[in-house]
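*Asks:* Pasting a predicted model and its sequence here:
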Amino acid sequence: MLSRHLNDEGLLDATPNTNLFIDSTSKLSINEADKQLFKPLKDFAFAQLSTEYYQYTFWLKLTVNNPTDTSINVLFTTGVHKSLEVFRKQGGAFIKLQTTNQALRPNQRTYKFDESYLPLKFEPKQSYELLIKVTEHPQIYFKLKPKIISYAAEYEDKIRAFDDEYIYFVHDGIYISILLFVATYMFIMFFIERKRYYIYYGFYLFFLVLFGFWAVEHSPYIMLIFSYLPSLKFSANNNTYLLITNIFYYLFHYEFLELPKIAPKFSKVMVGYIKILIGLLVIDTFINFVLNDYSLGGKIWILTQPLIAIFGIYGTVQLYRLKGPFVRYIQIGSTVLIIGAIIGFLEQLLLIKPDDNVLMRLAPSFGLNYAVLIEIFCFSMALAYKTWFSQRKRNQLFRSVKESELRTLRSQINPHFIFNSLNSIKAYILKDRQLEASEYLTDFSTLMRAILQQSKEKFITLNEELETTLLYVKLENLRFEDGFRFNFSIDESIDTEEILIPPMLLQPYIENAIKHGLMNKNNDRILNLSINQASKEEILIVIDDNGIGREQAALQRKNTIKHQSMGMSINHERVHLLSLTNDLHISIKIIDKKSPDGSADGTRVEIYLPI
């Protein structure tokens, strides 16, 4: 029988001649199993979607006769299972003929081309009573089909499979390559832009890549990381990747669409859903990797799949209620993806995908994979649109900073200050005070040169800023004939050469203190400038005067208050723009001082400068 079938067809289906006993405890020895009641294998109907079979040991009995005068070398298989051991019963004892295991790498297998086959040799004129031990790994379908096949027939089957299934290899190769490229690009964009939605989307794609590798790894012809960590090949089932990818997928939605701002209610629901997914992931990981209870893990899978599908539909409906310049791309991509995900779920649930592949143990879900690619295209368009929009805003901010700097320059070189300074020089000359006029003119030209040079820089050192400020105060005091007393102090621990500051930051506040606060006071005019270490991260610059205060100055100088406040308002605008474009957050507080009787007692300006 063996010889005739192999010669004519190269294949012998041993199912009709095989008996089966199922050890649900997986504890029976080979001798104990041999004594059990075996029943015909053809009479068993194995349940699909079972989560229990991996806990069982399947024992098969089969008798093979070789009536010929020559040895017959064949391959034996029962299908794709975790392990397969073949014993020959001879004289009441059992001799192990061959064994294989899916955890073995190709060079460790007895038949390196496929882990599901075992090479057997049947000697002439002998009868072999075989006892076969089969153990299973977790999977959603189970088949037990013992057969004997010739090497030639197995080779022809491989050739046929390459012709029929090569599209799976090509498809998965292109699919994984696209995902890996886009994921890498997202990680690069995160380090450039520092936007969290890039890292979320990158991790979403990265775990889709791992899922793709996991599926490809089930092929007996591909060796990746899972070949060296076989527990990942089966324990990290598709539910693990499904949970992780969904977590990062919805984190991306939450961050990219800025849901707390545009849809606060939906945002709260999504945060709650993400927490549920994280909880399920922790439970799933603990069950599969710690407890190794794949039966319970299968129940988690049955719970997770419809939950993700239901929320996917709900979330997609909610997305269509949002408005925005790039929301349309997210809506389209999410819609296509949820359709593809439902198709993939039904393929698994209803066992629509072919399960008898030779080259690819797991056939790819074309519907799901194409949906992912369309979703990636749509989301990439949304990301590109938002990046372009953000870049345009940054360019606008940059132009605003430049315009602000120019306006600040014009306000800092105060026409009144220049006019009054020139009048002071003229008065010194007319009074024949040439020495004072020369000294004043030298200091004045030095100040103008410093202002013009520093106006070209975005930042200067604190030392340069102080030199310009002190020179400005000196000229103002000379102009007003030493009309006020100036006190300056700085913390010795502060290194003025290491700290950077926007140029001419202090001048508008000092000018305001002198012209509005002090010069409108009759006597005892005092201006204080102090710099101290506020904390490890910032210094405190205080400009304090004992003038008449802002309210009284506004009443006395109604005609010039608009002009005089322009320098401060422009300075505040420049500080705000710098915080947006350079992440430099300068805090400025203006405090109206009061005496015990409630009257104005001057103004205090506090500038907190990050270091």
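*Replies:* Thanks, I have the structure now.

*Asks:* In which helix or strand does Ile588 reside?
*Replies:* strand 587-594 (DSSP states H and E).

*Asks:* Give me the mean pLDDT for that strand.
*Replies:* What strand 587-594 shows for mean pLDDT is 90.

*Asks:* Which elements pack onto it?
*Replies:* helix 550-556, strand 600-610 (3 or more C-beta pairs under 8 Å, 6 or more residues apart in numbering; DSSP states H and E). Where you see a C-beta, it was placed from the backbone N, CA and C, and this is true even at glycine.

*Asks:* buried ones in the last one?
*Replies:* Of the residues in strand 600-610, those with enough neighbours to count as buried (16 or more other C-beta atoms under 10 Å) are 600-605, 607-610.

*Asks:* before we move on, the earlier item: which of the helices and strands packed on strand 587-594 has the lowest mean pLDDT?
*Replies:* The bottom spot among the helices and strands packed on strand 587-594, by mean pLDDT, belongs to helix 550-556, with a mean of 77.

*Asks:* will you turn the helices and strands packed on strand 587-594 into CSV that also has distance to Ile539?
*Replies:* Shown next, in CSV, are the helices and strands packed on strand 587-594 (distance: least, C-beta to C-beta, whole Å):
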stretch, distance to Ile539
helix 550-556, 25
strand 600-610, 5
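
*Asks:* For the helix or strand hosting Val317, name the packing helices and strands.
*Replies:* For Val317, the host element (DSSP H and E) is helix 294-319. Under the contact criterion of 3+ C-beta pairs under 8 Å, 6+ apart, helix 294-319 touches helix 238-256, helix 264-285, helix 327-349.

*Asks:* Could I get the average pLDDT for the shortest one?
*Replies:* Computed over helix 238-256, the mean pLDDT rounds to 92.

*Asks:* got the angle between it and helix 327-349?
*Replies:* For helix 238-256 against helix 327-349, the angle by axes from the mean of the first three to the mean of the last three C-alpha atoms, to 10 degrees is 170 degrees.

*Asks:* who's in contact with Ala600?
*Replies:* Residues near Ala600 by C-beta atoms under 8 Å, 6 or more residues apart in numbering: 548-552, 592-594.

*Asks:* which of the helices and strands packed on helix 294-319 is buried the deepest?
*Replies:* Across the helices and strands packed on helix 294-319, averaging neighbours per residue (mean count of other C-beta atoms under 10 Å) puts helix 238-256 on top, at a mean of 22.

*Asks:* I figured Tyr151 was touching Leu75, is that so?
*Replies:* Yes. Applying C-beta atoms under 8 Å, one finds Tyr151 in contact with Leu75, separated by 6.5 Å.

*Asks:* And these two? Which one has more around it.
*Replies:* Between Tyr151 and Leu75, counting by other C-beta atoms under 10 Å, Leu75 is the more crowded of the two (19 against 15).

*Asks:* Could you measure from that one over to Asp163?
*Replies:* 21 Å (C-beta to C-beta, to the nearest Å).

*Asks:* Kindly report the same for Ile510.
*Replies:* According to C-beta to C-beta, Ile510 and Asp163 sit 86 Å apart.

*Asks:* So between those two, which is more surrounded?
*Replies:* Ile510 (20 against 9).

*Asks:* Give me the pLDDT for the more buried one.
*Replies:* We note a pLDDT of 89 for Ile510 in this prediction.

*Asks:* which residue sits closest to it, ignoring its sequence neighbours?
*Replies:* Excluding the flanking residues, the one nearest Ile510 by C-beta to C-beta, 6 or more residues apart in numbering is Ile543, at 5.9 Å.

*Asks:* Can you tell me the element that neighbour falls in?
*Replies:* Element membership for Ile543, per DSSP H and E: strand 538-545.

*Asks:* what's next to stretch 301-316, contact-wise?
*Replies:* Applying C-beta under 8 Å, 6+ apart, the set of residues contacting stretch 301-316 is 237-239, 242-243, 246, 250, 253, 270, 273, 276, 280, 284, 331, 334-335, 337-338, 341-342, 345, 348-349.

*Asks:* Also stretch 532-549?
*Replies:* 490-491, 493-494, 499, 506, 509-510, 513-514, 516-521, 524-531, 553, 556, 592-593, 600-611.

*Asks:* of those residues, buried ones?
*Replies:* Neighbour counting over the contacts of stretch 532-549 (16+ other C-beta under 10 Å) leaves 499, 506, 509-510, 513-514, 516-521, 525, 527-529, 531, 553, 600-605, 607-611 as the buried ones.

*Asks:* what about Glu481, how many residues close to it?
*Replies:* For Glu481, using other C-beta under 10 Å, the count is 7.

*Asks:* For it, pull up the helix or strand it's in.
*Replies:* Here Glu481 is assigned to no helix or strand, by DSSP H and E.

*Asks:* Next, work out how far apart it and Pro119 are.
*Replies:* 111 Å.

*Asks:* ok, now Tyr204?
*Replies:* 44 Å.

*Asks:* In the stretch 301-450 of the chain, where is pLDDT below threshold?
*Replies:* 351, 353-355, 402-417, 420 (pLDDT under 70).

*Asks:* Do a quick rundown of the helices in it.
*Replies:* 327-349, 366-412, 415-430, 434-454 (DSSP state H, counting those that start in this stretch).

*Asks:* Return the first one as CSV; C-alpha atoms alone will do.
*Replies:* Included here for helix 327-349 are C-alpha records, laid out as CSV according to Å, rounded to 0.1, in the frame of the first residue of the first chain:
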residue,chain,number,x,y,z
VAL,A,327,-9.6,67.2,9.6
ARG,A,328,-11.0,66.0,6.3
TYR,A,329,-7.9,63.9,5.7
ILE,A,330,-8.2,62.3,9.1
GLN,A,331,-11.9,61.6,8.5
ILE,A,332,-11.2,59.8,5.2
GLY,A,333,-8.2,57.8,6.6
SER,A,334,-10.1,56.7,9.7
THR,A,335,-13.1,55.6,7.7
VAL,A,336,-11.1,53.5,5.4
LEU,A,337,-9.1,52.0,8.3
ILE,A,338,-12.1,51.0,10.3
ILE,A,339,-13.6,49.3,7.2
GLY,A,340,-10.4,47.4,6.7
ALA,A,341,-10.1,46.5,10.4
ILE,A,342,-13.7,45.0,10.3
ILE,A,343,-12.8,43.0,7.2
GLY,A,344,-9.7,41.7,8.9
PHE,A,345,-11.6,40.8,12.1
LEU,A,346,-14.3,38.9,10.1
GLU,A,347,-11.6,37.1,8.1
GLN,A,348,-10.2,35.7,11.3
LEU,A,349,-13.5,35.1,13.0
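
*Asks:* for it, packing partners?
*Replies:* Counting contacts by 3+ C-beta pairs under 8 Å, 6+ apart, helix 327-349 packs against helix 238-256, helix 294-319, helix 366-412.

*Asks:* Report the angle between the second one and helix 327-349.
*Replies:* Between helix 294-319 and helix 327-349, the angle comes out at 150 degrees (the same axes, to 10 degrees).

*Asks:* Could you check the angle helix 294-319 makes with helix 264-285?
*Replies:* In terms of direction (the same axes, to 10 degrees), helix 294-319 departs from helix 264-285 by 170 degrees.

*Asks:* and helix 294-319, how far from the chain's centre?
*Replies:* Relative to its parent chain, helix 294-319 has a centroid offset of 22 Å by C-alpha atoms, centre = their mean, to the nearest Å.

*Asks:* got it, and the shortest one?
*Replies:* For helix 238-256, the distance from its own C-alpha centre to the chain's C-alpha centre is 10 Å (C-alpha atoms, centre = their mean).
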